[in-house]
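S.K.: just a sequence and a predicted model for now, questions to come.
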Amino acid sequence: MTVRLFASALMGAALSGILPRAEAAPPALPPLAHAELEKGAHAALSTHGIVAELDVRHTTRCTVPIVWTDADSSPTSPCSMAFLTLRTPGNTQAHASSFPLTPYGTEDDGMAQLRMSFRQLDASSPFPQVMVSAYTGGAHCCSLTSIFDLRSNGHWQHLELGGMDGDGEPQVVDLVGNGKQEILTSDQSFLYAFASHAGSEAPVVISRYHDGVLENVTRDPVYRDYLAKDLADRRRNWTRSGRFEPNGFLAYEVATMANLGKFPEGWRDMLAHAQSTKESGFGLSLCDLKPAAEKQNGHGCSIKEKELLPFPEALSAFLVQSGYITPEQAASVRKSQDPSTASQAQALPPTFPDTGNPTSSSSALARPPETDTAFSPSLRSTKSSVLLPVLAGLGLAFYFLPMLIAYRRDTVDQRKIAIITVLLGWTIIGWIAALVMALTQRSRKV
């Protein structure tokens, strides 16, 4: 029984960090067309007069600029490269283009699950856009995604969305039912900033694509209800989990409250629940907050600059740097960064956004005062000890070893192996069966 409970605890912690959060996520809009490179080395789509082709081929042109790789890190020739070819048969004004995407198709590349879809992200464009993504592999990483668009001058341009947690394309939704498509992602810079991956919460980022530009529209008033619902759901789950690694959630909360125009209320609640940087073991230093050119990979920072800042101080600087608050807003709360004011802040209940729940006169975000005593300093210190996270990490890695091997080898039944590992791994027999399947089943890699 003890082994089973320990495995269940590890599984819950792992899933909280690996699986995408979807508390308030609306249904995704289906693409106009979709294709994925699976066992073969070629896939093609055609719609609205556009033909898009994905193919993997051996080439000696490996040092050219690549969509998902810097030119400095391009592979040596010859190499196996994935290409996206776009053309418009019969349209003499448009030029066919072929984009080298990434090294692909060999064990060393690491890239997998290359896929593309047609989407009408820009309602004003006569042509749909092509969204292409691939999975880099790794425990907490990453899908790379780019949007390819036929411009009015007849040339194709591409826009990178950057790396996102998990696999698959970003979610495309219509949040308020106005016929406009939004791209739903999250701010990945929050991961590991103030908590472990499992304890981090990344704020929602809502974007719209128009005329070749991806605009962040998260603060548009029409999305406030959605943000408030997301915050309420995540706070409820965080509270039910025992307020695990509080600073990870609180950083997200303050950023989201800032997006809702309620930064002071969010800051006050953060002060009432924050854990010290020493207790949490995570945080940012002045060196971390420096521009990359100045810190020179850490070599341009003094020992003092590498020391972790108190959580409120680091959070305010981080939010200014990330554009969530202004320097003036940070200065206005700087006086409350003294830990001695935390008890005063706790006495003032924060005003959270109304989530529209008719069954309760108070927001679901309101903090139950009677549960505050559950987190005594001694309990916080025990949870943030150095040894426990290390042992838990090693235990997680071992428990999910069959699943990691299956994804690394890209086996044909990797999802089945993942299910067996997660649900039956604690039985030992199930774990052994999943490991045998992961090691013996045929790989889909070409």
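M.R.: Perfect, I can see it now.
S.K.: low-confidence ranges in this structure?
M.R.: Applying pLDDT under 70 to the chain flags residues 1-25, 39, 70-74, 107-110, 138-140, 298, 335-388, 444-446.
S.K.: which stretches of it form strands?
M.R.: 33-36, 42-47, 50-59, 79-87, 97-103, 112-119, 129-135, 143-150, 156-164, 171-173, 182-186, 204-210, 213-216 (DSSP state E).
S.K.: counting by contacts, list what the third one packs against.
M.R.: Here strand 50-59 touches strand 42-47, strand 79-87, strand 112-119, strand 129-135, going by 3 or more Cβ pairs under 8 Å, 6 or more residues apart in numbering; DSSP states H and E. Using the backbone N, CA and C atoms, a C-beta is placed for each residue, glycine as well.
S.K.: still on that earlier bit, and the strands of the chain as TSV, adding distance to Leu271?
M.R.: Below are the strands of the chain laid out as TSV (distance: least, Cβ to Cβ, whole Å):
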stretch	distance to Leu271
strand 33-36	47
strand 42-47	52
strand 50-59	51
strand 79-87	49
strand 97-103	45
strand 112-119	43
strand 129-135	40
strand 143-150	36
strand 156-164	31
strand 171-173	33
strand 182-186	25
strand 204-210	23
strand 213-216	28
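S.K.: what's the neighbour count on Tyr192?
M.R.: When neighbours are defined as other Cβ atoms under 10 Å, Tyr192 has 14 of them.
S.K.: return the most buried member of the helices and strands packed on strand 50-59.
M.R.: Of all the helices and strands packed on strand 50-59, strand 129-135 has the most neighbours on average by mean count of other Cβ atoms under 10 Å, namely a mean of 23.
S.K.: strand partners (parallel or antiparallel) of it?
M.R.: For strand 129-135, the paired strands and their directions (DSSP bridges) read strand 112-119 (antiparallel), strand 143-150 (antiparallel).
S.K.: please name whichever of those strands is nearest to Leu394.
M.R.: strand 112-119 (26.0 Å; Cβ to Cβ).
S.K.: chain center to that closest one, what's the gap?
M.R.: Its chain's C-alpha centre and that of strand 112-119 lie 18 Å apart, by Cα atoms, centre = their mean, to the nearest Å.
S.K.: what do you get for stretch 423-442?
M.R.: Worked out by Cα atoms, centre = their mean, stretch 423-442 lies 28 Å from the chain centre.
S.K.: count of residues packed around the nearest residue to Leu308 once chain neighbours are set aside?
M.R.: Nearest residue to Leu308 in three dimensions, chain neighbours excluded: Gly283, at 4.0 Å (Cβ to Cβ, 6 or more residues apart in numbering). Neighbourhood size, Gly283 [other Cβ under 10 Å]: 22.
S.K.: which phi and psi does Gly283 have?
M.R.: Backbone torsions for Gly283, taken as degrees, to the nearest 10, come to phi 160, psi -170.
S.K.: quick check: it vs His273, distance?
M.R.: 16 Å (Cβ to Cβ, to the nearest Å).
S.K.: tell me how many other residues crowd the closest residue to Val176 other than its chain neighbours.
M.R.: Leaving aside its chain neighbours, Val176 sits nearest to Val222 (5.0 Å; criterion: Cβ to Cβ, 6+ apart). Around Val222 there are 12 other residues, counting by other Cβ under 10 Å.
S.K.: swap in Leu423?
M.R.: 12.
S.K.: which residues does it contact?
M.R.: Gly430 (Cβ atoms under 8 Å, 6 or more residues apart in numbering).
S.K.: how about Leu391?
M.R.: Leu391 touches nothing, counting by Cβ under 8 Å, 6+ apart.
S.K.: any idea how far it is from Ala397?
M.R.: Relative to Ala397, and taking Cβ to Cβ, Leu391 is found at 11 Å.
S.K.: and His197, by the same measure?
M.R.: 13 Å.
S.K.: now find how far off-centre stretch 180-196 is within its chain.
M.R.: 5 Å.
S.K.: can you give me the buried ones in it?
M.R.: In terms of neighbour count (16 or more other Cβ atoms under 10 Å), stretch 180-196 has its buried residues at 180-188, 190-191, 193-196.
S.K.: nearest to Leu121, of those residues?
M.R.: Gln181 (5.4 Å).
S.K.: dihedrals phi and psi, that closest one?
M.R.: phi -90, psi 130.
S.K.: so Leu161 makes contact with Leu214?
M.R.: Yes. Contact status for Leu161 versus Leu214: in contact at 7.2 Å, counting by Cβ atoms under 8 Å.
S.K.: of the two, who's got more company?
M.R.: Leu161 (19 against 16).
S.K.: what does stretch 172-185 contact?
M.R.: Against stretch 172-185 from outside (Cβ under 8 Å, 6+ apart): 25-29, 31, 119-121, 123, 131, 161, 164, 170-171, 204-209, 214, 217, 222-223, 226.
S.K.: if you set the cut-off to 6 Å instead, what comes out?
M.R.: By Cβ atoms under 6 Å, 6 or more residues apart in numbering, the residues outside stretch 172-185 that reach it are 26, 29, 119, 121, 164, 170-171, 205-208, 222, 226.
S.K.: got a PyMOL select line for the buried ones in the residues you listed?
M.R.: Buried residues within the contacts of stretch 172-185, by 16+ other Cβ under 10 Å, are selected in PyMOL with:
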select buried, resi 119+121+164+170+171+205+206+207+208+226
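S.K.: nearest to Leu435, of the contacts of stretch 172-185?
M.R.: Nearest member of the contacts of stretch 172-185 to Leu435, counting by Cβ to Cβ, is Met164, at 29.3 Å.
S.K.: without its sequence neighbours, what residue ends up closest to that closest one?
M.R.: Ser143 (5.1 Å).
S.K.: is the one you found in contact with Met131, as I believe?
M.R.: No. Counting by Cβ atoms under 6 Å, Ser143 sits too far from Met131 to count as a contact (11.1 Å).
S.K.: now the helices for the stretch 301-446 of the chain?
M.R.: 311-322, 327-334, 342-346, 377-383, 387-399, 401-409, 414-424, 429-440 (DSSP state H, counting those that start in this stretch).
S.K.: among those helices, which is nearest Tyr135?
M.R.: When these are compared (using Cβ to Cβ), the closest one is helix 401-409, at 8.7 Å.
S.K.: what residues sit buried inside that closest one?
M.R.: Leu401, Pro402, Met403, Leu404, Ile405, Ala406, Tyr407, Arg408, Arg409.
S.K.: equivalent analysis for stretch 30-45, please.
M.R.: So stretch 30-45, judged by 16+ other Cβ under 10 Å, has buried residues Pro31, Ala33, Ala35, Leu37, Ala43, Leu45.
S.K.: and what of stretch 312-331?
M.R.: Quick answer for stretch 312-331 (16+ other Cβ under 10 Å): 312-321, 324-325, 329-330.
S.K.: so what would you say the end-to-end distance of stretch 208-225 is?
M.R.: End-to-end distance of stretch 208-225 (Cα to Cα, to the nearest Å): 18 Å.
S.K.: do the same with stretch 26-33
M.R.: 20 Å.
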